[in-house]
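Participant: need coordinates for the following:
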Amino acid sequence: MWQGSYTNPIIDADYSDPDVIRVGDDFYLTASSFNCVPGLPILHSKDLVNWKIIGHALQRQPPYDVFAKPQHGNGVWAPSIRYHNNEFYIFYGDPDFGIYMVKARNAAGPWSEPLLVRPAKGWIDPAPFWDDDGNAYLVHAWANSRSGIKSILTINRMSPGGTKLLDDGKMVFDGRANHPTIEGPKLYERNGYYYIFAPAGGVTAGWQTVLRSKNIYGPYEDRIVMDRGRTDINGPHQGGWVETKSGESWFIHFQDRGAYGRIVHLQPMKWVNDWPVIGEDPDGDGKGEPVTTYRKPNVGREYPVVMPQTSDEFSSNKLGLQWQWHANPVDSWMTIIRGRLRLRGVPHEDLWTTPNLLLQKLPSRRFMVTTLVDGSHLMEGDRSGLLIMGREYSYLAIAGTAGGLRLVRPDKTIRELKNKSVFLRVSMSDGICEFSYSTDGKNFSPAGEPFTAKPGVWIGAKVGLFSLGHGYADYDWFRFAPLAQSAQTPARAR
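Facilitator: The predicted structure is shown next:
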């Protein structure tokens with residue numbers, strides 16, 4: 001018997017523009033990945049509360065030559081995931097190149113190579129819809145930065161297989177007067193109405209708009225069905241509606257938390273006079289506000305606590321699914337040999353333009369990461385270490401010099417190293433990062449001044465590893481722990 005409650009956020013990590021579906025007893029979620037590769041993360045849940053990464057739909061990002069270099073803030077914007085004719089579909093917009101589609105029989109993959117459904121500039125946030133009469137459609141928004149158009153929504157006819165658009169589209173809603181910057185549309189049908197769920201008003205100050213019409217091309221009535229209300233959940237922004245087998249409606253959306261990225265919330269949803277009401281509506285005016293704690297969805301039973309993966313022991317010949325590169329990866333960047341990650345350097349001066357940054361999302365407001373690195377094979381001028389990356393970045397690294405190895409921050413030498421191996425740590429609390437090091441894995445010493453993390457372009461800050469230069473460094477493991485606890489580290493260093 002299901003019971004208990006959950007507390008938002010359900011995923012305290014940067015899964016921007018989440019979209020969700022149910023297939024049988026299983027729920028699947030994808031999110032924007034921008035320039036990070038592999039992209040289009042696929043998360044799985046049995047209860048809408050506990051989520052685990054099961055794969056990625058995009059192993060390399062097209063155009064492949066363009067994304068061989070970091071393209072901060074470009075790439076995958078606001079995907080939508082659907083299940084149709086026994087296949088999973090994801091449509092996503094690249095604001096510079098157009099609308100792409102990938103599909104798979106199994107949500108964990110393998111997924112097809114991206115198909116460019118429509119070359120276009122400034123088309124974003126696509127969502128497909130297959131009607132009961134066999135017709136297929138695609139709704140999308142517009143990026144003002146590329147097209148000079150914003151705050152309107154367009155619907156195109158689409159081939160039944162989702163491989164091409166059949167017309168130039170029709171504007172179905174103009175939000176410039178009352179719903180500026182309307183975007184992220186999701187198209188559904190219920191009780192004879194077509195609904196478009198779309199956030200408006202901007203990421204941090206906006207609200208959830210829902211449109212409805214008896215005709216897919218409108219005219220659409222509009223209503224704000226959730227805003228911030230009396231809560232501290234800013235936005236609340238873009239997401240998707242999903243139903244449980246028991247008939248309950250739920251809405252998943254994100255909240256922008258600055259350096260921590262766009263974290264994921266789950267809201268109860270009910271239907272009143274064929275309008276959705278999202279969250280709690282204490283005054284009954286049809287406009288809800290986000291909940292912080294609520295009863296869990298009725299999925300028939302309890303499921304154990306699961307969170308997206310973080311730590312990696314490098315015990316497999318593959319990286320954990322939590323890792324992403326900052327550009328399309330090259331095989332020579334890394335290997336895993338006898339339980340150690342070998343991260344090879346790439347010659348670069350500035351980490352902002354470096355493609356082989358191996359990073360993952362911040363997992364919570366307060367945490368620490370510890371890793372053990374062996375710098376024996378770093379050459380003069382090389383650097384490799386632990387990185388916090390955003391529009392600004394900082395790190396603690398081993399540097400190769402003519403006189404041997406040094407422990408360094410970006411603008412400071414911390415100490416000369418007698419050992420080839422050193423434990424590196426960063427602790428983060430409310431955006432403040434403190435780096436430290438140890439030679440025995442037990443006693444850690446501060447390493448320079450604290451650093452205030454900054455978000456990247458449309459993404460939160462990330463944490464991970466880097467190697468610059470011509471040599472390589474070996475990492476034994478990469479471990480997260482709650483900040484209040486001690487990271488478990490072996491008593492020896494190679």
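
Participant: where does this protein have low pLDDT?
Facilitator: 1-3, 485-494 (pLDDT under 70).

Participant: domain assignment for it?
Facilitator: Annotated domains of the chain cover 5-295, 324-482 [automatic domain parsing].

Participant: how about these in JSON lines, adding distance to Tyr303 and mean neighbour count?
Facilitator: C-beta: built from backbone N, CA, C; applies to glycine. Below are the domains of the chain laid out as JSON lines (distance: least, CB to CB, whole Å; neighbours: other CB atoms under 10 Å):
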{"stretch": "domain 5-295", "distance to Tyr303": "5", "mean neighbour count": "19"}
{"stretch": "domain 324-482", "distance to Tyr303": "20", "mean neighbour count": "19"}
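
Participant: now render those domains as CSV, adding distance to Val305.
Facilitator: Supplementary listing: the domains of the chain in CSV, determined by distance: least, CB to CB, whole Å:
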stretch, distance to Val305
domain 5-295, 6
domain 324-482, 14
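
Participant: quick one: which of the ones you listed is nearest Phe314?
Facilitator: domain 324-482 (4.5 Å; CB to CB).

Participant: you'd agree Tyr472 is up against Leu343?
Facilitator: Yes: using CB atoms under 8 Å, Tyr472 is in contact with Leu343, at 6.2 Å.

Participant: which residues are common contacts for these two?
Facilitator: Ser384 (CB atoms under 8 Å, 6 or more residues apart in numbering).

Participant: by contact count, what packs against whichever strand or helix holds Leu341?
Facilitator: Using DSSP states H and E, Leu341 falls within strand 340-344. When contacts are defined as 3 or more CB pairs under 8 Å, 6 or more residues apart in numbering; DSSP states H and E, strand 340-344 packs onto strand 334-337, strand 462-468, strand 472-482.

Participant: name every strand pairing with it and say which way it goes.
Facilitator: strand 334-337 (antiparallel), strand 472-482 (antiparallel) (DSSP bridges).

Participant: CSV please, covering these and showing distance to Leu407.
Facilitator: Converted to CSV, the strands paired with strand 340-344 look like this (distance: least, CB to CB, whole Å):
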stretch, distance to Leu407
strand 334-337, 22
strand 472-482, 13
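
Participant: now for these, which one comes closest to Trp111?
Facilitator: strand 334-337 (22.3 Å).

Participant: contacts for that closest one, please.
Facilitator: Counting by CB under 8 Å, 6+ apart, Phe314, Ser316, Asn317, Lys318, Leu319, Leu341, Arg342, Leu343, Arg344, Asn356, Leu358, Asp474 sit against strand 334-337.

Participant: in space, what's closest to the third one - neighbours in sequence excluded?
Facilitator: Put plainly, it is Asn317. With sequence-adjacent residues excluded and distances taken as CB to CB, 6 or more residues apart in numbering, Asn317 is closest to Ile336, at 5.4 Å.

Participant: who's the one you found bridged to?
Facilitator: Leu341.

Participant: and it, how far from Val291?
Facilitator: 42 Å (CB to CB, to the nearest Å).

Participant: dump the residue contacts of Ser427.
Facilitator: Per CB under 8 Å, 6+ apart, neighbours of Ser427: Phe367, Met368, Cys433, Glu434, Ser436, Leu483.

Participant: of all the residues you listed, which two lie farthest apart?
Facilitator: Phe367 and Ser436 (14.0 Å).

Participant: ok but Leu319 is inside a helix, no?
Facilitator: No: applying DSSP: H, G, I helix; E, B strand; the rest coil, one finds Leu319 to be coil, outside a helix.

Participant: how many residues are close by the residue lying closest to it once chain neighbours are set aside?
Facilitator: Nearest non-adjacent residue to Leu319, counting by CB to CB, 6+ apart: Asp312, 6.8 Å away. For Asp312, the tally of surrounding residues (other CB atoms under 10 Å) stands at 21.

Participant: now do the same contact list for the residue lying farthest from the centre of the chain.
Facilitator: Most distant from the centre of the chain: Gly403, at 42.1 Å, with distances by CA atoms, centre = their mean. Shown in contact with Gly403 (CB under 8 Å, 6+ apart): Glu416.

Participant: how close does it sit to Pro304?
Facilitator: 52 Å.

Participant: so which residues of the stretch 351-494 of the chain form strands?
Facilitator: Secondary structure of the stretch 351-494 of the chain by DSSP state E, counting those that start in this stretch: the strands cover 358-361, 366-374, 383-389, 394-401, 404-409, 412-416, 421-429, 432-438, 445-446, 451-452, 462-468, 472-482.

Participant: as TSV, those with distance to Thr163 would be great.
Facilitator: Below are the strands of the stretch 351-494 of the chain laid out as TSV (distance: least, CB to CB, whole Å):
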stretch	distance to Thr163
strand 358-361	32
strand 366-374	43
strand 383-389	37
strand 394-401	44
strand 404-409	51
strand 412-416	55
strand 421-429	44
strand 432-438	46
strand 445-446	57
strand 451-452	47
strand 462-468	34
strand 472-482	40
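
Participant: for Val102, find the nearest of those.
Facilitator: strand 358-361 (21.5 Å).

Participant: how about the nearest residue to Asn50, chain neighbours excluded?
Facilitator: Nearest non-adjacent residue to Asn50 (CB to CB, 6+ apart): Val306, at 3.9 Å.

Participant: Val306 belongs to a helix?
Facilitator: No: the assignment for Val306, made by three-state DSSP, is coil rather than a helix.

Participant: hang on, it packs against Ile54?
Facilitator: No: applying CB under 8 Å as the test, Val306 and Ile54 come out as separate, 11.0 Å apart.

Participant: helix or strand next in line after the helix or strand Pro199 falls within, which one?
Facilitator: Taking DSSP H and E as the criterion, the element that holds Pro199 is strand 193-200. The helix or strand immediately downstream of strand 193-200 is strand 207-213, counting by DSSP H and E.

Participant: which residues does that following strand contact?
Facilitator: 153, 172-173, 175, 179, 182, 193-201, 218-228, 236, 239, 251, 253, 274-276, 278.

Participant: list the contacts for Ile196?
Facilitator: Ile196 neighbours (CB under 8 Å, 6+ apart): Val139, Leu153, Val172, Phe173, Pro185, Lys186, Leu187, Tyr188, Val210, Leu211, Arg212, Tyr220.

Participant: which of those sits closest to Ile42?
Facilitator: Distances from Ile42 to those, taken by CB to CB, are shortest for Lys186, at 17.7 Å.

Participant: I'd say the closest one and Ala127 touch.
Facilitator: Yes: applying CB under 8 Å, one finds Lys186 in contact with Ala127, separated by 4.8 Å.

Participant: overlap in contacts, those two.
Facilitator: Asp19, Ser80, Val139.
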